[in-house]
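**Q** Dropping a prediction and its sequence here:
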Amino acid sequence: MGYITAARASAKRRRSLWNLLLIPCWIVPWLVLWMASAIALGRLYAQIHSVGGIRILPDTLGGILIAVGLLFAWLAPAMILANLLVSLVPPARRALDREASTVRGTDRASANRGLLKLSCYVSPAGLVAVIAGLVIPW
């Protein structure tokens, strides 16, 4: 089965409008976690390098590394949080569980395990970029 065929089969299976609830439940925590981390790391950068006038992040290559690294570091944890938030809405949980029951490996627990595995690779890579941007005064 090719990628396109599998995507079409998945799209036919996922017909519930409750799937749309996953989008804001992912984007809002992702951006909130990013913003809180960016503010904290921007302040830490200012203390480490004895600079002032930083609003959120420095206007340097280090600031870009911090910003992009944080986006990747919080990507999978925010998706796991989105799955947990949507599961708190009983009608959404029932609808998504019903859709996932027809295909093995598409339930919430399997999705969260997969996202946790993804997080084990993506988050450390993002944190390496964050640390590089934080330590090196570019």
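**A** That came through, no problem. Because the structure is predicted, anything quoted here is derived from the model rather than measured.
**Q** residue ranges of the helices in this protein, please?
**A** Shown for the chain, the helices assigned by DSSP state H span residues 3-13, 22-49, 61-73, 75-87, 90-100, 108-135.
**Q** Dihedrals phi and psi, the residue lying farthest from the centre of the chain?
**A** In terms of distance from the mean C-alpha position of the chain, residue 50 ranks first, at 31.3 Å (CA atoms, centre = their mean). In terms of degrees, to the nearest 10, the main-chain angles of residue 50 are phi 50, psi 50.
**Q** so how far is residue 84 from it?
**A** Here residue 50 is placed at a distance of 41 Å from residue 84 (CB to CB, to the nearest Å). To be clear about C-beta, it is placed using only N, CA and C from the backbone, and glycine gets the same treatment.
**Q** before we move on, what about residue 52?
**A** With the distance defined as CB to CB, residue 52 ends up 40 Å from residue 84.
**Q** Neighbour count for these two, which is higher?
**A** Between residue 52 and residue 84, counting by other CB atoms under 10 Å, residue 84 is the more crowded of the two (13 against 5).
**Q** quick one: the closest residue to residue 64 other than its chain neighbours from residue 123, how far?
**A** Once flanking residues are discounted, residue 64 sits nearest to residue 133: 7.1 Å by CB to CB, 6 or more residues apart in numbering. Counting by CB to CB, the gap from residue 133 to residue 123 is 16 Å.
**Q** hang on, the earlier thing: just put the helices of the chain in CSV and tack on mean pLDDT.
**A** Formatted as CSV, the helices of the chain follow (pLDDT from 0 to 100):
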stretch, mean pLDDT
helix 3-13, 69
helix 22-49, 96
helix 61-73, 96
helix 75-87, 96
helix 90-100, 91
helix 108-135, 95
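**Q** what's around the residue lying closest to residue 44 once chain neighbours are set aside, how many residues?
**A** Once flanking residues are discounted, residue 44 sits nearest to residue 134: 6.6 Å by CB to CB, 6+ apart. Residue 134 has 20 neighbours, counted by other CB under 10 Å.
**Q** ok, back up a step: how about the residue nearest to residue 64, what does it touch?
**A** Listed by CB atoms under 8 Å, 6 or more residues apart in numbering, the contact partners of residue 133 are 45, 61, 62, 63, 64, 65, 66, 69.
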